[in-house]
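[1] mind looking at a prediction? Sequence and model below.
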Amino acid sequence: MNSVQTKKIEPIKKKIFKKENYSGIENYYKKHGFCIVRGLYDNRKIKEVEKIFQKCQKIFQKYKNIDNQSFLIACDKIFEKTDLYDYLFKNQNLIKLLKIFYGNDIIHFNFTKFQLNEKKNSNQKKSLEEIKFQLSKGIHNDHWTGSSEYTTHYWLGFSGIDKENTLTMYPGSHLNGSFPVLNREPDPKIEFKYKPHKLDYLKEGDVVLFHSLLLHKTTGKTNKTRVGIISKFSSLNYKWTNQEKDLGYQPLSIGPIREIIRLIGNDALTPFRTYGGVAGIDRSIYENYNERQLDKSTNKILNILKKNI
């Protein structure tokens, strides 16, 4: 059988963007399908994220009957309730960056997971499901597993990152659409001409943003366990897949057009609903608009609840 020809992709140069200067990031992302951003977060906060994971690990090691999958899911749930979770995903540096991609109407899907790539020569016996859950994955894209073509994926490595324990991207592979898949791998009948680009210049705390159609894979193992966090973002104005609808979302930023609709009160634009009164937004969602913060009294009650639940 003759193979289908694809456009040959040339190797690219290493590039790191910094929060002080995003010049050229749009064209870079559009052409290559990913970008690396350094300095979004305070290094001390990244260390705090690592400490939370280490505390969870110490507890996990006491219980031999708990598998890696259950452990990581529990870590995800614990982390989602911490202030560090809000620090990472409601961070104004991150929102400023995402506005370049999406404008003002940005959402964060309820999809945040720890990723674990264990060190080499680990003697611990693992089941097939446990090995899969460590996400040492071959070449794939996230469109195959339910992400929309409008979705941007997020990867933050915070522990164990080095030249041999990282990610590899296939720049430009997103521009041909979703690569044909057979049993969760690129269809071998299609000639694969994409050049691998190993992210061997990543540092702990760097954020990688990449398109859902971009082919990529896990790269290597060392004597350190690599741990990262994955998540994903989109816009209120783009379509989502059924899987993404099931996840739910949190708005990170709302533009003026959408705020006008909320001030009116409903999508039907009921005439004169607020005539003679004051236009307002329901208190259950008003904090999402114009990046408002909760008022002091609400914050006080929230803090009391956190300490006692």
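    Cool, got the structure.

[2] what ranges does the stretch 151-300 of the chain have for its strands?
    For the stretch 151-300 of the chain, the strands defined by DSSP state E, counting those that start in this stretch occupy 152-159, 166-169, 181-182, 185-186, 197-198, 207-211, 216-219, 226-235, 249-253.

[3] among the ones you listed, which is nearest Glu48?
    strand 152-159 (9.6 Å; C-beta to C-beta). No exception for glycine: its C-beta is placed from N, CA and C like everyone else's.

[4] what are the pairing partners of the closest one, and which direction each?
    strand 207-211 (antiparallel), strand 226-235 (antiparallel) (DSSP bridges).

[5] on that earlier part again, got the strands of the stretch 151-300 of the chain as JSON lines, with mean pLDDT and mean neighbour count columns?
    Below are the strands of the stretch 151-300 of the chain laid out as JSON lines (pLDDT from 0 to 100; neighbours: other C-beta atoms under 10 Å):
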{"stretch": "strand 152-159", "mean pLDDT": "95", "mean neighbour count": "21"}
{"stretch": "strand 166-169", "mean pLDDT": "93", "mean neighbour count": "22"}
{"stretch": "strand 181-182", "mean pLDDT": "90", "mean neighbour count": "13"}
{"stretch": "strand 185-186", "mean pLDDT": "90", "mean neighbour count": "16"}
{"stretch": "strand 197-198", "mean pLDDT": "94", "mean neighbour count": "18"}
{"stretch": "strand 207-211", "mean pLDDT": "98", "mean neighbour count": "23"}
{"stretch": "strand 216-219", "mean pLDDT": "90", "mean neighbour count": "20"}
{"stretch": "strand 226-235", "mean pLDDT": "94", "mean neighbour count": "22"}
{"stretch": "strand 249-253", "mean pLDDT": "92", "mean neighbour count": "18"}
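
[6] what's the closest of these to Ile106?
    Of all these, the one in closest proximity to Ile106, counting by C-beta to C-beta, is strand 249-253 (4.4 Å).

[7] partners of that closest one, with directions?
    strand 106-109 (antiparallel).

[8] after the strand it pairs with, which helix or strand is next?
    Next along the chain after strand 106-109, taking DSSP states H and E as the criterion, comes strand 113-117.

[9] rewinding a little: out of the strands of the stretch 151-300 of the chain, flag the one nearest Phe79.
    Scanning the strands of the stretch 151-300 of the chain with C-beta to C-beta as the criterion, the closest one proves to be strand 226-235, at 8.0 Å.
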